[in-house]
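J.: sequence unknown, structure follows:
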């Protein structure tokens with residue numbers, strides 16, 4: 001069995017807050033909770049939007065916080081991230097693609113694939129042909145083991161306007177690749193700061209709440225001019241993966257008031 005801690009969207013800043021939310025407090029609380037209750041996990045995945053702004057000090061300070069984790073942390077790209085700064089301060093596995101933060105974590109019984117959906121100067125994501133080819137080749141090479149794919153941008157509309165406007169572009173090309181490989185068992189996605197589950201082309205998916213602040217539910221309707229984070233506590237996920245099952249536990253690690261001064 002694999003036990004994986006899944007965290008997403010910390011939007012870390014070395015100082016200041018975002019609409020009253022302090023990302024340093026939330027990160028500290030998350031790591032403390034993992035260390036206390038889930039230090040037996042194999043590793044953690046941090047699925048993108050690591051920082052609020054692509055500043056080197058943000059990455060350097062985030063690395064300091066993550067160094068306190070008893071569980072190894074694998075970082076991924078989101079739309080707010082910078083590949084060079086991520087590599088410099090957080091590191092990537094030696095198997096990662098040269099030009100992208102995209103890699104596979106190969107286990108004895110399964111493969112965890114972490115994708116790079118970052119598109120330069122855009123909120124939406126993309127998977128260029130180079131990244132798609134790598135994904136197809138990796139799934140083919142490891143066809144005898146189930147594969148679990150983590151990505152920042154969802155490849156489908158989650159009925160969360162206006163968040164659906166910044167999902168993965170050209171998602172059909174990505175979905176064509178993964179649906180052609182019967183070893184893909186589950187998709188895990190960040191970006192939307194809200195928990196959803198469903199099925200796309202026969203493959204189950206889940207999205208994760210943010211470590212930082214939560215998007216409001218779709219009703220009452222809102223737009224970016226009226227956006228205010230929901231007054232909901234942050235969560236991370238605890239994943240238990242076995243040969244015949246996947247269990248995701250959405251886990252609150254602190255109170256909403258922790259790190260909130262609004």
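T.: Yep, it's here. Only a predicted model underlies this, so the values are computations on that prediction, with no experimental measurement involved.

J.: find me the pLDDT at the spatially closest residue to residue 8 that is not a sequence neighbour, would you?
T.: If the residues on either side of it in the chain are set aside, residue 8 comes closest to residue 190, at 3.6 Å by C-beta to C-beta, 6 or more residues apart in numbering. For every residue, glycine as well, the C-beta is placed using N, CA and C. Here, the pLDDT recorded for residue 190 equals 98.

J.: check the one 10 residues further on too.
T.: At residue 200 the predicted local confidence, pLDDT, stands at 98.

J.: isn't it right up against residue 175?
T.: Yes - using C-beta atoms under 8 Å, residue 200 is in contact with residue 175, at 6.7 Å.

J.: now do the shared contacts for the two.
T.: Residues touching both residue 200 and residue 175 (C-beta atoms under 8 Å, 6 or more residues apart in numbering) are 155-156.

J.: and the contacts of the biggest helix by length in the chain?
T.: Using DSSP state H, we find that the single longest helix of the chain is helix 23-37. Outside helix 23-37, the residues that touch it by C-beta under 8 Å, 6+ apart are 5, 7, 10-14, 17, 41, 44, 52, 61-62, 65-66, 68-71, 211-212, 234, 236, 251, 253-254, 258-259.

J.: for it, the averaged confidence score.
T.: 98.

J.: show me which positions of that helix end up buried.
T.: Buried residues in helix 23-37, defined by neighbour count with 16 or more other C-beta atoms under 10 Å: 23-24, 26-31, 33-34.

J.: can I get the residues you listed in CSV including distance to residue 110?
T.: Listed next are these as CSV, based on distance: C-beta to C-beta, whole Å:
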residue, distance to residue 110
23, 31
24, 34
26, 30
27, 28
28, 31
29, 30
30, 25
31, 25
33, 25
34, 21
